[in-house]
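Here is my input; please provide its structure:
(one chain, ligands or ions: 2)
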Amino acid sequence: MKVLEKAPAKINLSLDVLHKRADGYHEVEMVMTMVDLADRLEMQELPRDTIIISSQAGYIPLDEKNLAFQAARLIKERYGVKKGVYIHLDKKIPVAAGLAGGSSDAAATLRGLNRLWQLNIPTEELMRLGAELGSDVPFCVTGGTAIARGRGELLEPIEAPPQCWVILAKPPINVSTADVYGRLNAKAIKNHPSTAEVRAAIEERHFERLCASLGNVLEEVTLDLYPEVRQLKDCMIKLGSDGVLMSGSGPTVFGLVAKENKAARIYNGLRGFCKEVYAVRLLT
Ligand SMILES: C[C@](O)(CO)[C@H](O)COP(=O)(O)OP(=O)(O)OC[C@H]1O[C@@H](n2ccc(N)nc2=O)[C@H](O)[C@@H]1O
Ligand SMILES: Nc1ncnc2c1ncn2[C@@H]1O[C@H](COP(=O)(O)OP(=O)(O)OP(=O)(O)O)[C@@H](O)[C@H]1O
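Ligands and ions are numbered 1, 2, ... in the order given. The predicted structure follows:
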């Protein structure tokens, strides 16, 4: 038997940090949604008790460091599955980009193996398992649009934002999420985004209000560390994006654009400046 799963990328429409917790993680409040840029996973049962990962992408680990491997191992251990699985990852999401590519692959593996091995694990339990793999994984299990709290695992689903174009641009640098959180001084944050404002804009389906309410407290850390991310953000603003923000801990910057011809212009303008540029839609 074989199952297929899509693993879409996420963006953070807002990311606020409330404080640093005793366990070392940061208490966050974020509005997250998915975009139509996805990895594709193919999972095939193997009679032998083993996990094999392959991918066309030469730049990701294929051993136990891969989050899809970790998801498969976790589900096998927890549910006593003695069969094996071969997982092929067709990577489309840029790696270490702030788009939760690895987290979404892990979530897709949990969903896919639940079907492949007919385990009937409820979604809430898949999310709990996901939280053991990473803070973004529970959101990636369900997708949609949600407010995430705690360290990212406490999710409140909300309605989808008004449909628009999303221009994603990733400068050629790798950013470590742990490093960015580690450098953040939570007590000295000056501009907290308003989660309530983002939510109200979404509920009113007010695109301009949504663009005006975007905010990410990790931007000040990543933009100071990597001037090229700041330049990319400035460039997206200059080219006329309606709203611009860095996703997660970066370095990907996204622009929200209402009109298709403007989105095409921004996409073409950015391609001279940055190699990895995508024009996608929200997954609503
Ligand atoms: C930046 C975001 O991607 C925004 O959605 C997430 O907050 C991070 O999610 P993630 O990459 O799944 O994060 P994890 O793999 O759980 O954690 C990586 C590292 O980031 C830091 N971390 C992560 C989440 C959080 N709420 N506080 C933290 O301080 C911790 O140092 C942790 O060791
Ligand atoms: N399936 C996977 N796909 C991509 N990267 C993976 C995968 N499994 C493990 N990794 C490793 O995880 C690291 C982070 O990659 P990922 O693409 O998940 O980052 P990210 O988009 O910044 O995630 P987040 O937004 O959740 O912080 C990379 O160094 C990569 O080697």
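
Report how many residues lie close to S135.
By the measure other CB atoms under 10 Å, the count of residues near S135 is 20. C-beta here means a position set from N, CA and C on the backbone, and glycine is covered the same way.

Just give the nearest non-adjacent residue to it, would you?
Once flanking residues are discounted, S135 sits nearest to G152: 3.6 Å by CB to CB, 6 or more residues apart in numbering.

what does K83 give?
With CB to CB, 6+ apart as the criterion, K83 has its nearest non-adjacent residue at 5.7 Å, and that residue is E45.

In this model G143 seems to touch V137, though I could be wrong.
No. At 11.6 Å, V137 does not count as touching G143 under the criterion of CB atoms under 8 Å.

Counting neighbours, go ahead and name the busier of those two.
V137 (28 against 20).

what about the more buried one, distance to M1?
V137 sits 24 Å away from M1, taking CB to CB, to the nearest Å as the criterion.

Repeat that for D234.
Applying CB to CB, the value for D234 to M1 is 50 Å.

One more: P227?
In this view, P227 and M1 are 50 Å apart by CB to CB.

Just the buried residues of the strand or helix carrying the residue nearest to K83, please?
Assigned by DSSP states H and E, E45 falls within strand 26-46. Across strand 26-46, burial judged by 16 or more other CB atoms under 10 Å covers 26, 28-35, 37-39, 41, 43.

Pull out the buried residues from the following helix or strand past it.
Scanning forward in sequence from strand 26-46 by DSSP H and E, the next helix or strand is strand 51-55. The neighbour-count check on strand 51-55 (16+ other CB under 10 Å) flags I51, I53, S55 as buried.

How about the residues of the chain by ligand 1?
Taking CB under 6 Å from any ligand atom, the part of the chain that reaches ligand 1 is made up of 12, 15, 25-26, 28, 30, 100, 103, 134-136, 151-152, 177-178, 181, 248-249.

Thanks a lot, catch you later.
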